[in-house]
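S.K.: predicted model and sequence follow; I will ask about them next.
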Amino acid sequence: MILRGIDFGPCLDAAGLRGFMEDGYWFHRAPLIKRWYDFSGSTPVAKTVTLPSHAGNMPIADRHEGYAPQELFPQCVWWSRRQGIVLNAIGFSNPGAGQLFSAGLLKAHGKNPFMISWGSAAPERAQRMKECRGFTNILNTQLDFIPSLRKRLGLQINVSCANVHTEKLLAEEILEMLDVMNHLGIPLVVKIDVCMPLLDVLRIGKHPACDALCTSNAIPFGVRGDAINWKTLFPHGSPLAKRSERFGNGALSGEPLRKLVCEQIEAIRHVGITKPICAGGGVLRPSHVDKLVSAGLERGRDSIFIGSIAILKPWNIRSVIERAHQLLR
């Protein structure tokens, strides 16, 4: 996937797969299983940051510990390997863009292409746009200070976090964000989900500043009942809601999303959107890359991303990355 002349490759991380600074999590380095966590060949995407700090539901350790989760097994994340599903209620937990930039977020990824992810947790559109302009200004200052970053940095705009954006952002607001952030002069990738109306996807995908679409974010618990049998998956309700009321029901990723992502890719191509797509959701084995390609991903233009595989089937990480390179490079 080449955006504005930058080659991000055929496989990317889901935002935060390796944390903020690409240093990963403790289990990535655990004896016996650390061999599974070889992400070479996948382009890093830093965990989503907000302009002000945001607590979310996953306590973050202080700077001396690399901004990792304080809990070894965060309570706001639940998974079932048997079912191939993950629920999370993380909700943009981060210390804020200014603090992360000061700590070296933009210098932590070596000299290779990488992406960072930004979102706003503000409840009102006016405040979200204010944060969008503020983040753009602070990032632009960083880019002016390190001009070489413009040759290898991309920005994901996360407008579909099910744990934060409980009321869907309207297309008009996302288009306004693209207008503001286009002044950065770097690739802009809009992170959507399979619940977004196709007409909105079309409008966003045709905006000149939108370089690519990334789909799908985790989706809100209980939606898309036409395609997901929630009663079968969770006969007793959300396990996250039972842990804490503040978690709510959480957002679903993993196996059930893959079919929906394939259908969305087909629909996007059918309506004439030719922008690159970075697709993921339930990519747990190499054959799942084949399914995304069959749905419409093309060699040299599109890419996949990996996320829940690191929890559900980490022993397949290498083979999935290699398959993406075989089919999409």
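M.R.: Sure, I can see it.
S.K.: and for the residue nearest to Ala241 when sequence neighbours are not counted, the neighbour number?
M.R.: Closest residue in space to Ala241, ignoring its immediate chain neighbours: Asn249 at 5.2 Å, by CB to CB, 6 or more residues apart in numbering. No exception for glycine: its C-beta is placed from N, CA and C like everyone else's. Per other CB atoms under 10 Å, the neighbour tally for Asn249 reads 19.
S.K.: what about stretch 34-49, how long is it end to end?
M.R.: End-to-end distance for stretch 34-49, by CA to CA, to the nearest Å: 27 Å.
S.K.: which positions within that stretch qualify as buried?
M.R.: By neighbour count with 16 or more other CB atoms under 10 Å, stretch 34-49 contains the buried residues 36-37, 39, 41-49.
S.K.: go on, stretch 71-91?
M.R.: Buried-residue list, stretch 71-91, by 16+ other CB under 10 Å: 74, 76-80, 84-91.
S.K.: one more: stretch 110-127?
M.R.: Those would be 113-122, for stretch 110-127 by 16+ other CB under 10 Å.
S.K.: now do stretch 97-110
M.R.: 97, 100-101, 103, 105-106, 108-109.
S.K.: go on, stretch 220-238?
M.R.: So, applying 16+ other CB under 10 Å, buried residues of stretch 220-238: 220-221, 223-224, 228, 230, 233-234, 238.
S.K.: and those, which of them are in strands?
M.R.: Under the assignment DSSP state E, the buried residues of stretch 220-238 contribute Pro220 to strands.
S.K.: mind putting the buried residues of stretch 220-238 into a markdown table with distance to Val164 and pLDDT?
M.R.: Compiled in a markdown table, the buried residues of stretch 220-238 are given as follows (distance: CB to CB, whole Å; pLDDT from 0 to 100):
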| residue | distance to Val164 | pLDDT |
| --- | --- | --- |
| Pro220 | 11 | 97 |
| Phe221 | 14 | 98 |
| Val223 | 15 | 97 |
| Arg224 | 19 | 96 |
| Ile228 | 21 | 98 |
| Trp230 | 21 | 98 |
| Leu233 | 23 | 97 |
| Phe234 | 21 | 98 |
| Ser238 | 17 | 98 |
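S.K.: how about the buried residues of stretch 220-238, which pair is most distant?
M.R.: Arg224 and Ser238 (15.3 Å; CB to CB).
S.K.: how about the strands in the stretch 1-150 of the chain?
M.R.: 2-3, 6-7, 11-13, 77-80, 85-88, 114-118 (DSSP state E, counting those that start in this stretch).
S.K.: now the longest one: average pLDDT?
M.R.: Right, the one you point to is strand 114-118. Mean per-residue pLDDT for strand 114-118: 98.
S.K.: can you name every helix or strand that the helix or strand harbouring Ile265 contacts?
M.R.: Assigned by DSSP states H and E, Ile265 belongs to helix 255-270. Applying 3 or more CB pairs under 8 Å, 6 or more residues apart in numbering; DSSP states H and E, one finds that helix 255-270 contacts helix 198-205, strand 212-215, strand 277-279, helix 286-295.
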